[in-house]
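>>> My questions concern the predicted model and sequence given below.
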Amino acid sequence: MTNFTFDIYFTLPEIYLVISIFVLLLFGVLASGSAFLGYPLLSKVVGLISVQVLTFTFLILIYFPYSNFTSWNFFLTSDFFVLCSKLIIVGSSIIWTYFSIVYVVNEKINSFEYWILILLAVLALLCILQTYDLLTLYLLIEFQSLSFYVLASFKRSSEFSTEAGLKYFVLGAFASAFLLFGSSLLYGFTGLTNFNDFHIFFTGFLTEPIPFMSGTFLGLVFILAALFFKLSVSPFHMWAPDVYEGSPTSTTAFFTIFPKLAIITLLLRIFLISFHDLFSTWKNLFLLGSFLSLLFGSLGALAQNKWKRFLAYSSINHIGFILIGFLPGETFGITSIVIYLFIYIVTSFAIFSFLYTVRLYEYPQWSQIRYLDEVLGLSKTNPLLAVSLTVILFSMAGIPPLSGFFAKVFVLLAGVRSSTYGLVLIAIIMSSISCFYYIRIIQLAYFSKVQRWPILQPVDKSTSLVLGISFFFISLLFVDIELFYTPIKRMALSFTL
Amino acid sequence: MSNMLTQANCITISTFLFLISILGIFLNQKNILIMLMSLEMMFLSVSFNFIFLSIYLDDLLGQIFALLILTVAAAESSIGLAILVVYYRIRSNITVELMSLTKG
């Protein structure tokens, strides 16, 4: 399908999002610089309009006629998996934008450009789900990364934020250069850049040690290293705790929730479709990445006493679990990965809405919670919040019958099915080690003696809505898991082209 | 004709440039600007790689790729320099060793 009309028709949601970003940016610049209106503060206004823009994008996606296609001269692809993933990302971004408006107003992030950057990052993530060529891969990863660098360093008067942004920039650009180098090696040895071309080219090749296969595999290893970096898989996880801690908390929530689904789809498309013939070789790389992530994620989180660094190491641990799902190389593995990601997204919403709500009063201002110890006495000051924190942390630890347990069960079943029993055993051992530090927080909230009682700010409506709905999802998923398992299995079965 | 230009020669040149720029990032003990320059050099070496390979393979795609890399690298440098300026306004130095606020 190289007809231009089809291209526009099939990428209509992204085109709508681009045009509305431009209109919103124009409105923001013209309105906030006009003396007639009195130089208004447009942060909350543009935030609410961006919720509306994302809702309309969601509606366009729902009423979209579904078909398999490749558009824009074989650069972008789409199937049912991509449609559902786009729905998940746009739906999550609506929820994220809605409940971050409160945080932005409280922390006095007064520029409207924050929301424009968020919309641009969502657009980049939507397009990354569809990418089908090495050129598109690089351009879209750079698009997403550039938005993220600025988002991380957005609070210009904070030392933490600017340092986090600078560190993220240097290491992220380094990873993008690795991605490029790998692409150039792949292009040089085969002359192809489209994933479909690689899929057709690599059928029937044995992995003999001839220079051609070694060169292609070297290019593939560089690309894998770059994508592992963006995903914060060990041994490339060094940037994640620093950047997650330094950024403003709403940006940390965005980093935790959104890029994982897009880049995992990318990894699935490159390694399970294009280079499936080299399966026996790259399977060991995923095994190594998963093992190191589980190890460093669990052991790193043991030593933390700040909330955001703790959540960064916890997400490294979760990524280690997700990488086990790559090992079967078949539909069951893809199903387990997507279920784990879905439950991980909901749990992240829950824990970050908890972080937004707990605000302590040190004279003369309210400030957000920073250290793990600051939940002391939460069971007496706000018992409902303590109960929800308990359930969320138990779900992250993987305790039945909460939803985190089901996520881990499916991924470990995928590991057993591919006969990697050692890795499954290590995953279970690391899971029990991680139980310790999750339960330690609950012990702090319930069973410790309090020197000074903290004063908590009353919870805002939007944050409590998100916290409540995700709490009920986490605790009641066991009632009807087939409700989510069946569409996700259909997604994985249609992961073709 | 034993001294013809082969594919291995093309890749060797740009790989050397790439490795030199990686060394530039890691052996730097003074300031961040050296890091930014080394990053630019990494992108440039990969562009060279694409152009040499496109000439060897007689294919246009490599040169288009290199042109787009140059554009994106320019945008990325400008964002990096903007973040560096904002950082400098607060900290008044750009020494690498002193960036240890978020440490652990």
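Received the coordinates, thanks. These numbers were taken from a predicted model, which means no experiment stands behind them.
>>> Start and end of stretch A:236-254, how far apart?
Stretch A:236-254 stretches 20 Å from its first residue to its last (Cα to Cα, to the nearest Å).
>>> buried stuff in that stretch?
Neighbour-count burial for stretch A:236-254, counted by 16 or more other Cβ atoms under 10 Å in any protein chain shown, picks out A:236-237, A:239-254. C-betas here are computed from N, CA, C, even on glycine.
>>> what about it, near chain B?
Yes - against chain B, stretch A:236-254 shows contacts by Cβ under 8 Å from any Cβ of the partner chain at A:241-242, A:245-246.
>>> how about these in CSV, adding secondary structure and pLDDT?
Formatted as CSV, the residues of stretch A:236-254 next to chain B follow (DSSP: H, G, I helix; E, B strand; the rest coil; pLDDT from 0 to 100):
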residue, secondary structure, pLDDT
A:P241, helix, 91
A:D242, helix, 90
A:E245, helix, 90
A:G246, helix, 89
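>>> how about the residues you listed in JSON lines, adding distance to B:N9?
Formatted as JSON lines, the residues of stretch A:236-254 next to chain B follow (distance: Cβ to Cβ, whole Å):
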{"residue": "A:P241", "distance to B:N9": "43"}
{"residue": "A:D242", "distance to B:N9": "41"}
{"residue": "A:E245", "distance to B:N9": "46"}
{"residue": "A:G246", "distance to B:N9": "44"}
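>>> Go through the chain and flag its longest helix.
Reading this off chain A. Within chain A, and with DSSP state H defining each element, the longest helix by residue count is helix A:159-190.
>>> looking at chain B here, not the other one
Ordering each helix of chain B by length in residues (DSSP H) puts helix B:61-91 first.
>>> Now the phi/psi pair for residue 14, please.
Using chain A. Reported as degrees, to the nearest 10, the phi and psi values for A:E14 are phi -70, psi -40.
>>> Wait, chain B was what I had in mind.
Main-chain torsions, B:S14, degrees, to the nearest 10: phi -70, psi -30.
>>> can you pull the contacts of it?
By Cβ atoms under 8 Å, 6 or more residues apart in numbering or on different chains, the contact set of B:S14 is A:184, B:45-46, B:48-49, B:52.
>>> and residue 42, what is it in contact with?
All of this refers to chain A. By Cβ under 8 Å, 6+ apart, the contact set of A:L42 is A:28, A:31-32, A:112.
>>> Can you look at chain B instead?
B:M42 sits next to A:174, A:177, A:181, B:18, B:21-22 when contact means Cβ under 8 Å, 6+ apart.
>>> same question, A:D197
If you count contacts by Cβ under 8 Å, 6+ apart, A:D197 has none.
>>> any idea which element the closest residue to A:F271 other than its chain neighbours lies in?
Among residues not flanking A:F271 along the chain, A:W282 sits closest, at 5.9 Å (Cβ to Cβ, 6 or more residues apart in numbering or on different chains). In this assignment (DSSP states H and E), A:W282 forms part of helix A:279-302.
>>> Which pLDDT value goes with the residue in the stretch 251-400 of chain A that chain B sits nearest to?
Going by Cβ to the nearest Cβ, chain B is nearest to A:R309 of the stretch 251-400 of chain A, at 6.1 Å. Residue-level confidence at A:R309 comes out at 91, pLDDT.
>>> What of the one 5 residues further on?
In the predicted model, A:S314 carries a pLDDT score of 93.
>>> Return the residues in contact with it.
Contacts for A:S314 were tallied using Cβ under 8 Å, 6+ apart; they are A:297, A:301, A:396, A:434.
>>> try 10 Å this time
Contact criterion Cβ atoms under 10 Å, 6 or more residues apart in numbering or on different chains gives A:256, A:297-298, A:300-301, A:304, A:347-348, A:351, A:393, A:396-397, A:434, A:437-438 as the residues in contact with A:S314.
>>> next one: A:G246
A:G246 sits next to A:152-153, A:155, A:158-168, A:252, A:308-309, B:101-102 when contact means Cβ under 10 Å, 6+ apart.
>>> doesn't A:F174 make contact with B:M41?
No - using Cβ atoms under 10 Å, B:M41 is not in contact with A:F174; the gap is 11.9 Å.
>>> Please enumerate the shared neighbours of these two.
Shared contacts of B:M41 and A:F174 (Cβ under 10 Å, 6+ apart): B:21-22, B:25.
>>> before we move on, back to that, okay, and which of the contacts of B:S14 map to helices?
If you go by DSSP H, the contacts of B:S14 have A:184, B:45-46, B:48-49, B:52 in helices.
>>> what's around B:S92, how many residues?
Around B:S92 there are 7 other residues, counting by other Cβ atoms under 10 Å in any protein chain shown.
>>> For it, give me phi and psi.
Here is the backbone geometry of B:S92 (degrees, to the nearest 10): phi 60, psi 20.
>>> And it, how far from A:E159?
From B:S92 across to A:E159, the span is 11 Å (Cβ to Cβ, to the nearest Å).
>>> State the phi and psi torsions of A:T131.
Torsion angles at A:T131 (phi, psi; degrees, to the nearest 10) stand at phi -70, psi 150.
>>> Thought A:L140 was touching it, still the case?
Yes - A:T131 lies in contact with A:L140 (Cβ under 10 Å); the separation is 5.7 Å.
>>> Overlap in contacts, those two.
Here A:T131 and A:L140 share the contacting residues A:75-76, A:262, A:266, scored by Cβ under 10 Å, 6+ apart.
>>> Restricted to helices, list those.
Filtering these for membership in helices, criterion DSSP H, returns A:262, A:266.
>>> Max pairwise distance over the shared contacts of A:T131 and A:L140: which two?
Farthest pair in the shared contacts of A:T131 and A:L140 (Cβ to Cβ) is A:F75 and A:A262. Separation: 16.1 Å.
>>> Who has more neighbours out of these two?
Of the pair A:F75 and A:A262, A:A262 is the one with more neighbours under other Cβ under 10 Å, namely 24 against 20.
>>> so what's the more buried one up against?
Contacts of A:A262 by Cβ under 10 Å, 6+ apart are A:85-86, A:89, A:124-131, A:140-141, A:144, A:230-231.
>>> again, only this time at 6 Å
Shown in contact with A:A262 (Cβ atoms under 6 Å, 6 or more residues apart in numbering or on different chains): A:125, A:128-129.
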